[in-house]
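Q: What follows is a predicted structure for the sequence shown.
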Amino acid sequence: MFVRGHLTRQGGVDPRALTFAVIDLETTGLHPNRGSRVCELGIVRMRGDGVVLDEYSTLVNPGLRITNDEFHEITNADVKHAPTFKDIAGDVLAYLGDAIVAGHNLDFHEKFLVAEFGRLGVTLQNVPGLCTLVTARIQLDRWGYKLDNVANLITGEWPSALHSALGDARTLAATLAKLIGSAPQPLAWRGPAPAPLPSLPRTGIVAPRAAGLRKGSEGWLATLTARLPQMAYPPPPRSDGSRDYRTLLAHALSDGRIVSDEAAQLATLAARAGLTQSTARQVHEEFLTAARARAEADGVVSSAELKELQRAARELAASHLISDLEQAAAANRARSTGPLKSWRILPVGESASITEVVDFAVEHGAKVAVNITKTVRLVVNDGARDDHPQLAKAHAAGIDVVPPDQARKILENEVAKLRHGLFANPAGEVLAGQLAAEQAAATRPARPEWYESWRPRELTPAEYHATFVQRRNGWKDWDDEDDSGHREIRITIPASTQRAQPARMPAAKQNGGCLSAVILIGGLLVGVAELVRQVVT
């Protein structure tokens, strides 16, 4: 199916402008020729410079019982309502076409794709392929080449949804982009150019899995949404699944918060509804908009209703839909707790200048008086005669009477003084900025840690074969783990430790020789067992 190309230091096509289809599969076993099937598929289409163009992900109903769910956490219940590979074959071809298909251990992905498409009578040939496992081994000299180890080395991040098809595809896409864009020596693509693939009817049916859920700082639903594919042309949600998702969402938010079990149930219904990132956000926003409409139906949003809306908005990551309500509530709070909360001002006159000053004062917590009382601290006068009754009372009570422009300055100074607080120190702020600038200028950009693993020169095909195919360095290949978690451990005992037996020996010494051999073999077995125990633990 695939014609292998390579990312090499020897020159070729600049990969930054090429399109890659980064793929990952989760399967029911290791051997498609023995009946194992694909149960989840994820694809990230990206340019080599790291720009993500599209994503695709879905659970796949394999048509058989899943017995290895401990490795990928996909259960028979999860795939019960998922499309079959036949249902998604046309979409998969469209996402893989006109791109270089990249996978970590591409051989594993190839044999399953060949088997799945073969069941449909489709034969794929001459598809450009890149195995990032081979690339990592050729370019990097390190211990362990599993995807999570290589990704952490190059990107500095651990996968957030390991052993989910889309999660691993995203991890590999980010790693590949960083490798292409930041390698110590430029890497070029040497291999076939992207080409179209045969087409099949597209259904658009998806059942994306939101794996690796966690609450985080933004809540369960934010993680759930982020784990779904960001499809350029998302299919509409299935109506029955969307209805069930909304129903459960209302139940989960009835107490104002979502817990882990509720998030897991919502993720199950999101898959059944075929939700993607954009359609999930749409469902969440429509849900909150409907709740707001119910709160506003009587013309007043009470403080209790606002609190409910705020809690739901935080969970749904849709606070922008009630921001005007929150601003109005904040303005009300500012009027009662603002820096001018102890001030009462009395306007004398109705000019635009007086209105502007009064609005500023009220915005910062002041109260407006209608008569002279002992609590009035300032009278704003715009042209009224001194014999005006209010002004006469103000003068008699010793209350300041000032024009609008002077009143505005007095109020602004009061606001500024209270906002700065007791320890305001402009000189200290300037000094802190100067020190930060000096430290930034003295800090040199650090050399990426993964550069230390960069081979002085890339391995030749013969060197790669000797090191990784023939498995002569048994301990070095401690990363031989398949997608189901099974690892093959090969221990090679150096030839110098194996003692050759004499061709012939007297019968009297043969018994002693046999006993010595038994002791030697027993000692070796104990030593090997202890060594394996230390490595495993």
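A: That came through, no problem.
Q: could you dump stretch 130-138 to PDB, C-alpha only?
A: The C-alpha coordinates for stretch 130-138 follow below in PDB (Å, rounded to 0.1, in the frame of the first residue of the first chain):
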ATOM      1  CA  LEU A 130       6.400   8.200   6.300                       C
ATOM      2  CA  CYS A 131       7.100   6.100   9.300                       C
ATOM      3  CA  THR A 132       8.100   8.400  12.200                       C
ATOM      4  CA  LEU A 133       9.400   5.500  14.300                       C
ATOM      5  CA  VAL A 134      12.000   4.800  11.600                       C
ATOM      6  CA  THR A 135      12.700   8.500  11.300                       C
ATOM      7  CA  ALA A 136      13.200   8.900  15.000                       C
ATOM      8  CA  ARG A 137      15.600   5.900  15.100                       C
ATOM      9  CA  ILE A 138      17.600   7.200  12.100                       C
END
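Q: Give me the neighbour count for Thr223.
A: 19 (other Cβ atoms under 10 Å). All C-beta atoms are positioned from the backbone trio N, CA, C, and that covers glycine.
Q: Sorry, slip of the keys, the one I care about is Pro15.
A: Per other Cβ under 10 Å, the neighbour tally for Pro15 reads 26.
Q: One more: the one 4 residues further on?
A: With neighbours defined by other Cβ under 10 Å, the count for Thr19 comes to 17.
Q: Tell me if I'm right that Gln185 and Gln10 touch.
A: No - with contacts counted by Cβ atoms under 8 Å, Gln185 stays clear of Gln10, the gap being 10.3 Å.
Q: Next, the contact list for the residue sitting nearest the centre point of the chain, please.
A: Nearest to the geometric centre of the chain sits Ala226, at 6.0 Å (Cα atoms, centre = their mean). Residues in contact with Ala226 (Cβ atoms under 8 Å, 6 or more residues apart in numbering) are Gln277.
Q: where along the chain do the strands fall?
A: 2-4, 6-8, 19-27, 38-47, 52-59, 100-103, 127-131, 188-190, 344-348, 367-368, 378-381, 401-402 (DSSP state E).
Q: Comparing the ones you listed by mean pLDDT, which bottoms out?
A: When the strands of the chain are ranked by mean pLDDT, strand 367-368 comes last with a mean of 88.
Q: now the closest residue to His388 other than its chain neighbours: how far from Ala407?
A: Distance criterion Cβ to Cβ, 6 or more residues apart in numbering; nearest residue to His388, sequence neighbours excluded, is Val348 at 6.3 Å. Separation of Val348 from Ala407 (Cβ to Cβ, to the nearest Å): 11 Å.
Q: Could you check which of the two has the larger neighbour count?
A: Using other Cβ under 10 Å, the more surrounded residue of Val348 and Ala407 is Ala407, with 26 against 18.
Q: Pull the contacting residues for the nearest residue to that one once chain neighbours are set aside.
A: Spatial nearest neighbour of Ala407, excluding adjacent residues (Cβ to Cβ, 6+ apart): Val380 at 4.5 Å. Applying Cβ under 8 Å, 6+ apart to Val380 gives the contacts 345-349, 354, 357-358, 402-404, 407.
Q: Throw these into a markdown table and include distance to Asp324, thanks.
A: Output for the contacts of Val380, formatted as a markdown table (distance: Cβ to Cβ, whole Å):
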| residue | distance to Asp324 |
| --- | --- |
| Ile345 | 28 |
| Leu346 | 32 |
| Pro347 | 29 |
| Val348 | 35 |
| Gly349 | 33 |
| Ile354 | 29 |
| Val357 | 26 |
| Val358 | 24 |
| Val402 | 35 |
| Pro403 | 36 |
| Pro404 | 30 |
| Ala407 | 31 |
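Q: Is there a quick ChimeraX command that grabs whichever of these are buried?
A: Applying 16 or more other Cβ atoms under 10 Å to the contacts of Val380, the buried members can be selected in ChimeraX as follows:
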select :345,346,347,348,354,357,358,404,407
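Q: Just the closest of the contacts of Val380 to Asp141, please.
A: Asp141 has its nearest neighbour among the contacts of Val380 in Val357, at 73.6 Å by Cβ to Cβ.
Q: Quickly note the distance from that closest one to Ala271.
A: 60 Å.
Q: One more: Met231?
A: 14 Å.
Q: And Leu120, by the same measure?
A: Relative to Ala271, and taking Cβ to Cβ, Leu120 is found at 24 Å.
Q: Give me the more crowded residue out of Met231 and Ala271.
A: Ala271 (24 against 19).
Q: That one reaches Ala211, doesn't it?
A: No - at 10.1 Å, Ala271 and Ala211 do not qualify as touching, with contact defined as Cβ under 8 Å.
Q: re the thing from before, quick check: which of the strands of the chain is nearest to His388?
A: Nearest of the strands of the chain to His388, taken as Cβ to Cβ: strand 344-348 at 6.3 Å.
Q: got the CA coordinates for the closest one in PDB?
A: What follows is strand 344-348, C-alpha atoms only, in PDB (Å, rounded to 0.1, in the frame of the first residue of the first chain):
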ATOM      1  CA  ARG A 344     -23.400  62.300  48.300                       C
ATOM      2  CA  ILE A 345     -23.400  65.100  45.800                       C
ATOM      3  CA  LEU A 346     -26.100  67.600  45.100                       C
ATOM      4  CA  PRO A 347     -26.500  69.000  41.500                       C
ATOM      5  CA  VAL A 348     -27.900  72.400  41.100                       C
END
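Q: related to what we said a few turns ago, pretty sure the residue nearest to His388 sits against Ala392.
A: No - under the criterion of Cβ under 8 Å, Val348 is not in contact with Ala392, lying 11.0 Å apart.
Q: what residue ranges in the chain are flagged as low confidence?
A: Counting by pLDDT under 70, the chain contains low-confidence residues at 330-337, 418-424, 444-445, 471-537.
Q: Now with 80, please.
A: Applying pLDDT under 80 to the chain picks out residues 326, 328-338, 350, 386, 417-426, 429, 440-446, 471-537.
Q: Next one: the closest residue to Ala250 other than its chain neighbours from Leu269, what distance?
A: Among residues not flanking Ala250 along the chain, Phe287 sits closest, at 7.6 Å (Cβ to Cβ, 6+ apart). Note on Phe287: its distance to Leu269, by Cβ to Cβ, is 13 Å.
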